[in-house]
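Asker: can't give you the sequence, but here's the structure:
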């Protein structure tokens, strides 16, 4: 396995990603879309999810594909971002055909970023407009770190962010991950100087800090984020592949990808996290040996997701009124 040319989820041909954010709000929206509907499913392992249109992603539900997937800040307010995306897609003639009607299918998930120092005193919900902007910005290249749905994200110890990574498997299948990392847990080991995801790193894609040399169990330090701990947190993600997968197979990939969250964050999947992974498949490559290839796609999705989480935190940028430092500030990096 090796990273794709961009080391982004958009190494999976056909997918595009757009970010939109508001620096004063300290929040934003990230959208993944494609030129045609694509198969998708979802797996939720956190205890506090916030979602829209996820029931129809179950393998037994009738809608065969979706037009976009949305990750947003703003807690429940952020679910309105999907409405903005839906309206823009409808204006473009996209959507599930029901006789003469077309209904864009836009599942969404949100994270809690209401206590991050941003100005949340709005009179009109800003997320529909952010959703439209994110869709309009969708392209193969996009910014990581403090952008999109990761604009105001936080971890237990550092600023969070938006992250992505990819892998090309030996059989030519491409897998990628996109994540807005805002967990209750920590992405770094107790020393604060190493990522839990270090064993999965390629090169120095998240700093090349290496694994923590300390042996055995290490007691974690007190969380810097305690005042928000009683609220919802969340790591929300999308993994994608160019393999031709059914909705049921997408679901299995989404389940497997959650291992990447558990490898990169401690603790993960808590009652206060809404940890969720969407899985999407473009269908460009037919599997010749699905019983052998599907497990490797799930494994690659987990590896990509762990790396994407660490990249999100590594690439976060400081901003006025931040309530947490970036990891690079803590390490004394420019």
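Answerer: The structure has been received and is ready for your questions. Everything numeric here is computed off the predicted structure, so don't read it as measured data.
Asker: The longest strand along the chain pairs with which strands, and in what direction?
Answerer: If you go by DSSP state E, the chain has its longest strand at strand 27-44. Based on DSSP bridges, the strands next to strand 27-44 in the sheet, each with its direction, are strand 15-22 (antiparallel), strand 66-72 (antiparallel), strand 276-285 (antiparallel).
Asker: mind checking which of these is nearest residue 202?
Answerer: Each of the strands paired with strand 27-44 was checked against residue 202 via CB to CB, and the shortest separation belongs to strand 15-22, namely 20.0 Å. Where you see a C-beta, it was placed from the backbone N, CA and C, and this is true even at glycine.
Asker: what mean pLDDT does that closest one have?
Answerer: Averaging pLDDT along strand 15-22 gives 98.
Asker: Check stretch 189-198 too.
Answerer: Over the span of stretch 189-198, the pLDDT mean works out to 92.
Asker: and if you look at stretch 80-90?
Answerer: 97.
Asker: Show me what counts as buried in it.
Answerer: Across stretch 80-90, burial judged by 16 or more other CB atoms under 10 Å covers 80-90.
Asker: who's in contact with it?
Answerer: For stretch 80-90, the surrounding residues in contact (CB atoms under 8 Å, 6 or more residues apart in numbering) are 29, 31, 33, 52-53, 67-68, 70, 72, 74, 95, 102-104, 106-108, 125, 127-132, 134-136.
Asker: Mind checking which of the residues you listed are in helices?
Answerer: Counting by DSSP state H, the members of these that fall within helices are 127-132, 134-136.
Asker: Okay, helices next: where are they in the stretch 201-334 of the chain?
Answerer: Counting by DSSP state H, counting those that start in this stretch, the segments of the stretch 201-334 of the chain that form helices are 247-264, 290-314, 327-331.
Asker: hey, which of those is tucked in deepest?
Answerer: Greatest average neighbour count among the helices of the stretch 201-334 of the chain goes to helix 290-314 (a mean of 25), per mean count of other CB atoms under 10 Å.
Asker: Tell me which residue is most central in the chain.
Answerer: Central residue of the chain (CA atoms, centre = their mean): residue 179, 1.9 Å from the mean position.
Asker: Let me know the secondary structure of it.
Answerer: What DSSP: H, G, I helix; E, B strand; the rest coil gives for residue 179 is strand.
Asker: Surely it touches residue 310?
Answerer: No: at 9.9 Å, residue 179 and residue 310 do not qualify as touching, with contact defined as CB atoms under 8 Å.
Asker: what is in contact with the two at once?
Answerer: Both residue 179 and residue 310 are contacted by residue 163, under the criterion CB under 8 Å, 6+ apart.
Asker: Tell me, please, where in the protein the pLDDT is lower than the cut-off.
Answerer: Residue ranges of the chain with pLDDT under 70: 225-232, 334.
Asker: Residue 28: what's its closest spatial neighbour, skipping adjacent residues?
Answerer: Nearest in space to residue 28, with sequence neighbours left out and distances taken as CB to CB, 6 or more residues apart in numbering, is residue 21 at 3.0 Å.
Asker: Who are the contact partners of residue 24?
Answerer: Going by CB under 8 Å, 6+ apart, residue 24 touches 118-119.
Asker: Repeat that for residue 130.
Answerer: The contact partners of residue 130, taken as CB under 8 Å, 6+ apart, are 20-22, 27-29, 72, 81, 84.
Asker: is it true that residue 309 touches residue 265?
Answerer: Yes: the pair residue 309 and residue 265 qualifies as a contact (CB under 8 Å) at a distance of 6.5 Å.
Asker: Great, nothing more from me.
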